[in-house]
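Chemist: How does the following fold in three dimensions:
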Amino acid sequence: MELFNRVLSINDLDAVIDLLSFELERPVIVESADYTLLAYNSHYIQHFDEANQQTIFTKKWTLPIYETFIEAGVVNKLKTYDRPFVVEAMPEIGLNTRIVVSAKHNGRVMGYIWIQQIGELLPVEGIDFLYDISFHIGKLIYDIQKSKLKQEEKEEQFYQYVFNRHYLSTTDLEWGAKEYGVQLPEYFAVAAAELTAKDEKLLYDLQQVAQTSLQLEDKLHHVLIQGETLLIVLGGKKADAPIEALAREVIQRIKDYAKDKAATVSSGIGDMFKEPLDLLKSANQAKEVIQAARLTHRPLSLHYKDLHICRYLQAIADKNSELGYESEHLEKIRSLDPNGKKDLLKTLEIYLLHNCKIKPTASALFVHPNTVNYRINQINEAVELDLKDVMQKFQLLLDLMTRSRE
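Modeler: Purely as a prediction, here's the structure:
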């Protein structure tokens, strides 16, 4: 009871953890709800296991720890268990046995308290004590997060200004960053993600998924929602920072989460830049990838730099619409396929994209080469195409890639 009262009398998180570690003679670590390290101490420094050391070094869970905890169900328990529970040793990530409990404030999980086991497990009264003090620690974390939230709100406002074209020059943008206390990355790329079907709640959940993923990386970043688009700023302090690889990883996590919710995500990644004002340019490039994929209705590279001719398809489609242009060739081919399957149109498009070669086309369509040969002969008989004419072939491919799809 004396220790309990002493803990309650302390309003500094570091001081509380120092006291607990000294009295329990065990390493104690406190993390926020997003697995960021907040405080730690050990009665004996050599008692920190390898997982502790990695967390202290990176200031957050490493990716192997995160993935192992997900697979073992530890993350789910952290969010759903009220009482302290034991996490058994996991030698593959250098983790000794621990007792962990959620630290709550006003019914909300603010973070987690980890007590590494040295020798015998804590007695029942020790586990009860840990549960009782968890609420005080939850209040201390809340006070820390409240201060942090004010800064996050400033960062959110700054990036909203950036993507709403509030800053017209690099100087204005850099002054804005100083005003809002935002550290700009030296190099960055912007990724974008959009749900095929509008769902504001799911889009917000995807924002949390992206933020959680990035909090496992020591990079400058920000995730925000602009309209119906999720924008992800990924930054680094040097030109060779693995920004593009990180972008692909975050996008994949978003897609996996959406798939579990029976939803589909379209996504793209803009080029990497150094000038702060190019944040908007990179974001627009990422959106171009999404537009091109939706227009063509087929998978494209995530990266804007790999779009090639596809980056101009929307402009071509808009011009065709403005001029009322319709391809006579496509109309004739469409009439050969009255059931609306569009097999002939799809086959011709893939055939042109594979340089008019039967076998690669058949492989891409998952059909027999004879089927492709039969369809191409059908088309040739009706339209009399000259696929040796480069300009005709190019125009036909553009017509196919920009055609209206039901």
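
Chemist: residue contacts, the closest residue to G235 other than its chain neighbours?
Modeler: Nearest non-adjacent residue to G235, counting by C-beta to C-beta, 6 or more residues apart in numbering: P185, 2.4 Å away. No exception for glycine: its C-beta is placed from N, CA and C like everyone else's. Applying C-beta atoms under 8 Å, 6 or more residues apart in numbering to P185 gives the contacts K219, L220, H221, V233, G235, G236, K237.

Chemist: any idea how far L220 is from P185?
Modeler: 4 Å (C-beta to C-beta, to the nearest Å).

Chemist: Sort out for me which of the contacts of P185 are in strands.
Modeler: Those of the contacts of P185 mapping onto strands are H221, V233, G235, G236, per DSSP state E.

Chemist: just checking, the third one touches Y187?
Modeler: By that I understand G235. Yes - using C-beta atoms under 8 Å, G235 is in contact with Y187, at 6.6 Å.

Chemist: Neighbour count for the two, which is higher?
Modeler: For G235 versus Y187, neighbours defined as other C-beta atoms under 10 Å are more numerous around G235 (22 against 17).

Chemist: what bridges to the more buried one?
Modeler: Note on G235: beta-bridge partners by DSSP bridges are F188.

Chemist: and which of the contacts of P185 is nearest to K178?
Modeler: Nearest to K178 among the contacts of P185, counting by C-beta to C-beta, is L220 at 15.2 Å.

Chemist: Mind checking what helix or strand follows the helix or strand I290 falls within in sequence?
Modeler: Per DSSP states H and E: I290 is located in helix 279-296. Scanning forward in sequence from helix 279-296 by DSSP H and E, the next helix or strand is helix 313-323.

Chemist: Sticking with T171, tell me its helix or strand.
Modeler: Take DSSP H and E as the rule and T171 turns out to sit in helix 170-179.

Chemist: Now stretch 146-162: average pLDDT?
Modeler: Taken as a whole, stretch 146-162 has a mean pLDDT of 83.

Chemist: Sort out which residues of it are buried, please.
Modeler: E155, E156, Q157, F158, Y159, V162 (16 or more other C-beta atoms under 10 Å).

Chemist: Just confirm Q116 contacts N96, I think it does.
Modeler: Yes - with contacts defined as C-beta under 8 Å, Q116 counts as touching N96 at a distance of 5.6 Å.

Chemist: coming back round to it: how about the contacts of P185, which pair is most distant?
Modeler: V233 and K237, at 14.1 Å, using C-beta to C-beta across the contacts of P185.

Chemist: Mind giving me the ChimeraX select for the contacts of P185, buried ones only?
Modeler: Remark: buried members of the contacts of P185, expressed as a ChimeraX selection using 16+ other C-beta under 10 Å:
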select :219,220,221,233,235,236
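
Chemist: closest to I290 among the contacts of P185?
Modeler: Distance ranking of the contacts of P185 against I290, using C-beta to C-beta, places V233 first at 16.6 Å.

Chemist: ok, and the closest non-adjacent residue to the closest one?
Modeler: Nearest in space to V233, with sequence neighbours left out and distances taken as C-beta to C-beta, 6+ apart, is H222 at 4.5 Å.

Chemist: show me the contacts for the one you found.
Modeler: E155, E156, Y159, I232, V233.

Chemist: ok, 10 Å please
Modeler: With contacts defined as C-beta atoms under 10 Å, 6 or more residues apart in numbering, H222 is in contact with 152, 155-156, 158-159, 162, 182, 185, 188, 190, 210-211, 214, 231-235, 279.
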